[in-house]
Every structure is written in structure tokens, then in C-alpha cells.
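# Sharing a sequence plus its predicted fold:
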Amino acid sequence: MFAYGVENYGTLQEYLVLDRYVDMIKPDPVIWQYCYNDFVNNDPEIEGSRGLPVDIRQRPYWVNGKVVQVTPQSLAGPVRRFAYRYSRFLVFALSRMGRLYERYVADDTESAIASLGERHPGFHRAASTTRELMAMVRSRVGAVPIVAFNCKAVEPYNTALRDISREHDILFLDEIAASIESAAQRGEDVFHADGAHWSEEGHRVVGEALAEHLKMLISEGKLLVPSAAAR
């Protein structure tokens, strides 16, 4: 198994990692973890409207069919530019402030998307970008099976991710998000102190649920994975 995960990556950055390593690894299946905040991470305009973001660095976005390096609009203040250029400590401090903001302060952008769903113009744009990026993922791996799941079944994101997966022949497992939610309802300690990221126990719950459903898909012939001997 080869695993790769980085905090705050958007779908484009995940695609760039896949593009770099897929020919080296030659995977039988690709397991792709979505997160509901992928849509925000994929759109610099939405990300720039969210107050104090966690990551203040310039990074790549997919805009009008090409990769561009963008610093989200709200980060253009003199202090942030100075921090990014001259002071790692100040970058660290501002990032921590962003985490506190996300945890304790209501986010009008996220609330608006939750309320309006597909009618939110920014969400519709971000969903279209995500759809394009997952088409690139499918094209890059060719006929290799892709199995995807969302880290949390939050709407309207979950329905959009399910539809995007269906469009690009990606098996979408609703059961994985349900497994972590069920464990939390049983009182199991599956989240870190921030209430969002999985704890070690949370990763165990998700890993076991994922393994179970992959075995089921293979036994039912819905996931065709060549054996090592066949290579």
C-alpha cells in the first residue's frame, strides 16, 4: 500500500501528486479520500472570502483550464505579505489564528453554501472545477479502478461528490462516512480535540470499514483488481 496525505491540499494538488507517482507505483486500485472542504480549497475566490484562513501561502489552483499560482484575495494585506516573505514565525502565528477562527467563529461563506446549495454561485463554480479535476484524475489513471469516499457526509457537498464520481466511473462509498459518524454516536473517541480530524481510533474505524467494503466489492465483482501473479 502507498499512502499520501497533506493538510489543506485541494484536488489540484492531489492530482499533481498522483501525476508524479502513478507511473512509478502502478496501482491496482486508487483509493481517493474526498473532504467536503475540497470545494472551498478548489476555488481561490471562495477561499479568499473566509476571513482568516489556515494556510496563508500561495498555492496552485485550476482556473480557466490551466494551473495558476494564486494567493487568495483576503490574504493580500501588508502584514501577510510581509510574513510570507520574511518571517516564518509570523506565518506560523497567523496560521494558528486562522485555525482558532475556523473553530470558534461562524463562517458566513460555509453557512451560505449550506443554505443555498447548488444555487450558491461560488459553490456551483467550485463544483465545476472539482468535476474537471476528477476528470483529469480518471484520464490519468486510465482503466485503473478508483474507489472514493467522503470524510463526512455534509450537504450539498456529499451529493455533488457522489454525482461527480458517477460521471467519471468512480465507485463512491457512502458507508465510510457513516461508519465514523456511527462510532461517534456510540461515544467512541474517534476525533481529535478540534472535533473534525480523526484520532488514531477514528482512523482504525475508517480503515476497517474501508477494508470490509473493498473485500465486498471484489467478491461481488464490482471491483476488478488484478492479482500480483497476473502481472
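Received it, and whenever you're ready, just let me know what you need. Residues are numbered from 1 along each chain as shown.
# And the contacts of the helix or strand harbouring Val147?
In the assignment (DSSP states H and E), Val147 maps to strand 146-150. Residues outside strand 146-150 that contact it (Cβ atoms under 8 Å, 6 or more residues apart in numbering): 29-36, 137-138, 157-158, 161, 165, 168-177, 210, 214, 217, 223. The C-beta positions use only the backbone N, C-alpha and C, and glycine is treated the same way.
# Sketch out the low-pLDDT regions of this structure for me.
For the chain, the stretches with pLDDT under 70 are 49-57, 72-81, 84, 95, 97-108, 226-231.
# gap between the strand holding Val147 and the chain center?
Centroid separation for strand 146-150 versus its chain: 11 Å, with Cα atoms, centre = their mean, to the nearest Å.
# Please name the strands paired to it in the sheet, noting orientation.
Take DSSP bridges as the rule and strand 146-150 pairs in its sheet with strand 30-34 (parallel), strand 171-172 (parallel).
# For this protein, just list every one of the helices.
Under the criterion DSSP state H, helices of the chain are mapped to 11-25, 38-41, 44-47, 78-86, 88-104, 108-116, 121-141, 157-167, 175-185, 200-219.
# tell me which residues in the second one are buried?
So that's helix 38-41. 38-41 (16 or more other Cβ atoms under 10 Å).
# ok, so of those, who is nearest His124?
The closest of these to His124 turns out to be Phe39 (Cβ to Cβ; 9.9 Å).
# quick one: stretch 114-131 to chain centroid distance?
How far stretch 114-131 lies from its chain's middle: 15 Å, per Cα atoms, centre = their mean.
# what's that stretch in contact with?
Here stretch 114-131 makes contact (Cβ under 8 Å, 6+ apart) with 11, 38-40, 42-43, 45-46, 49, 62-63, 109, 112-113, 154-156, 160-161, 164, 167.
# now the angle from the strand holding Val147 to helix 175-185?
30 degrees (axes from the mean of the first three to the mean of the last three Cα atoms, to 10 degrees).
# From Pro44, how far off is Gly122?
11 Å (Cβ to Cβ, to the nearest Å).
# So for the two, which sits in the more crowded spot?
Pro44 (23 against 18; other Cβ atoms under 10 Å).
# mind putting the buried residues of helix 38-41 in JSON lines, distance to Asn150 included?
As requested, these are exported to JSON lines (distance: Cβ to Cβ, whole Å):
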{"residue": "Asp38", "distance to Asn150": "9"}
{"residue": "Phe39", "distance to Asn150": "11"}
{"residue": "Val40", "distance to Asn150": "14"}
{"residue": "Asn41", "distance to Asn150": "14"}
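# and which of those is nearest Val91?
Nearest to Val91 among these, with distances taken as Cβ to Cβ, is Asn41, at 18.4 Å.
# was I right about that closest one contacting Glu14?
No: with contact defined as Cβ atoms under 8 Å, Asn41 does not count as touching Glu14 (9.7 Å).
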